[in-house]
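Trainee: would you be able to build a 3D model of this:
(chains A and B)
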There are 2 protein chains.
Amino acid sequence: MVMKRITSVNNEYIKKIASLKTKKYRDEYKMFFIEGYHLVSEAFKSNVLIEVLIVNEEDYINGISNLLVTEEIIKKIANTVSPQKIIGICKIKEESFVLGDRILILDDVQDPGNLGALVRTALGFEFNNIILSNNSIDIYNDKFLRATQGAFFNINIIKDNINKWIIKLKENNYYIIGTGFDNSKNIELLEYNKKVVLILGNEGKGINKETLSLCDVVAKIEINQKLESLNVMVAGGIMMFKIATIKK
Amino acid sequence: MVMKRITSVNNEYIKKIASLKTKKYRDEYKMFFIEGYHLVSEAFKSNVLIEVLIVNEEDYINGISNLLVTEEIIKKIANTVSPQKIIGICKIKEESFVLGDRILILDDVQDPGNLGALVRTALGFEFNNIILSNNSIDIYNDKFLRATQGAFFNINIIKDNINKWIIKLKENNYYIIGTGFDNSKNIELLEYNKKVVLILGNEGKGINKETLSLCDVVAKIEINQKLESLNVMVAGGIMMFKIATIKK
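Mentor: You can find the predicted model right below:
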């Protein structure tokens, strides 16, 4: 086992890796990093891991580049306060984006924790493509990546103009389901026999008007009037569960 | 409008209110406090608000005690870093606990954010009684109260021995649904014609074995094998939605 070793936090390559904390350099180098054993192992399984920085030789991973570093270096790079002793470097995939039967579109969902949980739920109910509106957070944001707990690597995610996509998907025989409270239909009553797109909106504002006007139907979950609304993670989970059931 | 006014953070009454941050004094005085206009208004509507501490006279609330204080006092009492200029003092209700048709039992759910979202969802789907296991967080914990966004005041919540309750509820003709992956039945296939109890378990460990053995059925949500499990908020939301639908 031959491994390169770096011990100085001021090493130029370490500085380059640390620069991936910002979107600017992730875009420039077409790379991002992840922290911890679980995410690294998920990235490896998905063939996007190109290198690991490890502190202990026994964490060596076959088939990719391994770099032995110090705990100080890991701490310099990591976003978390008490990082595990491994950092993985991934390449940003060129999106092939083969469209499946169920697609999730998120209009301006802002909280990385909410977004992460929605990605996990989407994987659970086989919404294998997710399109985030252009005003969403960067998909290589570290809090978001951690919140997906690795589900990120098993799903196709892009950021793009969602209205352009909706028009294209309608032309390709997808049924477009928006969500909201005005002029909306109880999710229990939905009937269709098509591939499907589910759109969820921003935590406070919901889906923007122009996007809503492109939907085939707007659906809602009936709840007790004492409650203003469900949390977007919970509402999204129920909608995806229900749609996965209708399609069976 | 005659109002008492306190300007010193060292006032004995202010010290007493601030002591309600700890469970010990909440239990002793049978009171707790809440922060912000929204929670105060929800508490008022639910008849548990006995007093408000306000900075501006225009926040006066009719029919209860009003105390004019300084921003400094509000900051001394509040748990949040930038509190709104109102604090409400509530009495801890003697539980009457009239049992409804749907009851939620939470076995050792620990995260205040998860618990808060589950309480909101429970209100949404008319699970009007919630029983927390004795090892759960205190129900007057401030993070939890804020996470419920006021739903707390519209629902009956107690902390108690959940196994004792399950046995009692079974005797009273409730159908007991546990959740888990071993020997479990797809939630889609559940059939019953009874009042219902849903039990959700700890984020990591699930429901403890003894409680599981008391269930009439253990239910699961079918998900893609690439995902280990759904977030407890999402899983709970889907289960409650599904049960509310079966019962209609």
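
Trainee: please spell out which residues along the helix ranked longest in chain A are buried.
Mentor: Assignment by DSSP state H gives helix A:232-246 as the longest helix of chain A. Buried residues in helix A:232-246, counted by 16 or more other Cβ atoms under 10 Å in any protein chain shown: A:232-244. All C-beta atoms are positioned from the backbone trio N, CA, C, and that covers glycine.

Trainee: domain map for chain A?
Mentor: A:4-91, A:102-246 (automatic domain parsing).

Trainee: so which of those is nearest chain B?
Mentor: domain A:102-246 (3.6 Å; Cβ to the nearest Cβ).

Trainee: what about the closest one, average pLDDT?
Mentor: Here domain A:102-246 scores 93 as its mean pLDDT.

Trainee: distance from it to the middle of the chain?
Mentor: From the chain centre to the centre of domain A:102-246 is a distance of 12 Å (Cα atoms, centre = their mean, to the nearest Å).

Trainee: rewinding a little: any chance of the domains of chain A in JSON lines, plus distance to chain B?
Mentor: Listed next are those as JSON lines, based on distance: least, Cβ to the nearest Cβ, whole Å:
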{"stretch": "domain A:4-91", "distance to chain B": "10"}
{"stretch": "domain A:102-246", "distance to chain B": "4"}
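
Trainee: just name the most buried of these.
Mentor: domain A:102-246 (a mean of 19; mean count of other Cβ atoms under 10 Å in any protein chain shown).

Trainee: how about A:Thr80, nearest residue that isn't a chain neighbour?
Mentor: With sequence-adjacent residues excluded and distances taken as Cβ to Cβ, 6 or more residues apart in numbering or on different chains, A:Thr80 is closest to A:Glu35, at 5.9 Å.

Trainee: rewinding a little: what is the longest helix of chain A packed up against?
Mentor: strand A:102-106, helix A:112-124, strand A:174-179, strand A:195-200, helix B:112-124, helix B:232-246 (3 or more Cβ pairs under 8 Å, 6 or more residues apart in numbering or on different chains; DSSP states H and E).

Trainee: and those as TSV, adding distance to A:Asn79?
Mentor: Shown next, in TSV, are those (distance: least, Cβ to Cβ, whole Å):
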stretch	distance to A:Asn79
strand A:102-106	23
helix A:112-124	11
strand A:174-179	32
strand A:195-200	26
helix B:112-124	20
helix B:232-246	24
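
Trainee: all strands for chain A, in order.
Mentor: A:4-5, A:31-35, A:49-54, A:65-68, A:86-91, A:102-106, A:129-133, A:156-160, A:174-179, A:185-186, A:195-200, A:217-220 (DSSP state E).

Trainee: include distance to B:Val196 when you put the ones you listed into CSV, please.
Mentor: As requested, the strands of chain A are exported to CSV (distance: least, Cβ to Cβ, whole Å):
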stretch, distance to B:Val196
strand A:4-5, 60
strand A:31-35, 42
strand A:49-54, 46
strand A:65-68, 54
strand A:86-91, 45
strand A:102-106, 30
strand A:129-133, 34
strand A:156-160, 37
strand A:174-179, 27
strand A:185-186, 21
strand A:195-200, 28
strand A:217-220, 24
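
Trainee: nearest to A:Asn208, out of the ones you listed?
Mentor: Nearest to A:Asn208, of all the strands of chain A, is strand A:129-133, at 8.4 Å by Cβ to Cβ.

Trainee: so what strands line up beside that closest one?
Mentor: Under the criterion DSSP bridges, strand A:129-133 sits next to strand A:102-106 (parallel), strand A:156-160 (parallel) in its sheet.

Trainee: other residues contacting the first one?
Mentor: This points to strand A:102-106. For strand A:102-106, contacts defined as Cβ atoms under 8 Å, 6 or more residues apart in numbering or on different chains pick out A:115, A:118, A:122, A:125-133, A:136, A:162, A:165-166, A:169, A:174, A:195-200, A:236, A:240, A:243-244, A:247.

Trainee: that one vs strand A:174-179, what angle?
Mentor: With axes from the mean of the first three to the mean of the last three Cα atoms, to 10 degrees defining the directions, strand A:102-106 sits at 40 degrees from strand A:174-179.

Trainee: same deal with the last one?
Mentor: Following the same axes, to 10 degrees, one obtains 70 degrees for the angle between strand A:156-160 and strand A:174-179.

Trainee: got the angle for strand A:156-160 vs helix A:112-124?
Mentor: Going by the same axes, to 10 degrees, strand A:156-160 makes 130 degrees with helix A:112-124.

Trainee: what's next to strand A:156-160, contact-wise?
Mentor: A:95-98, A:119, A:128-134, A:136, A:138-139.

Trainee: repeat that with 7 Å
Mentor: A:Glu95, A:Phe97, A:Asn128, A:Asn129, A:Ile130, A:Ile131, A:Leu132, A:Asn134, A:Ser136, A:Ile139 (Cβ atoms under 7 Å, 6 or more residues apart in numbering or on different chains).
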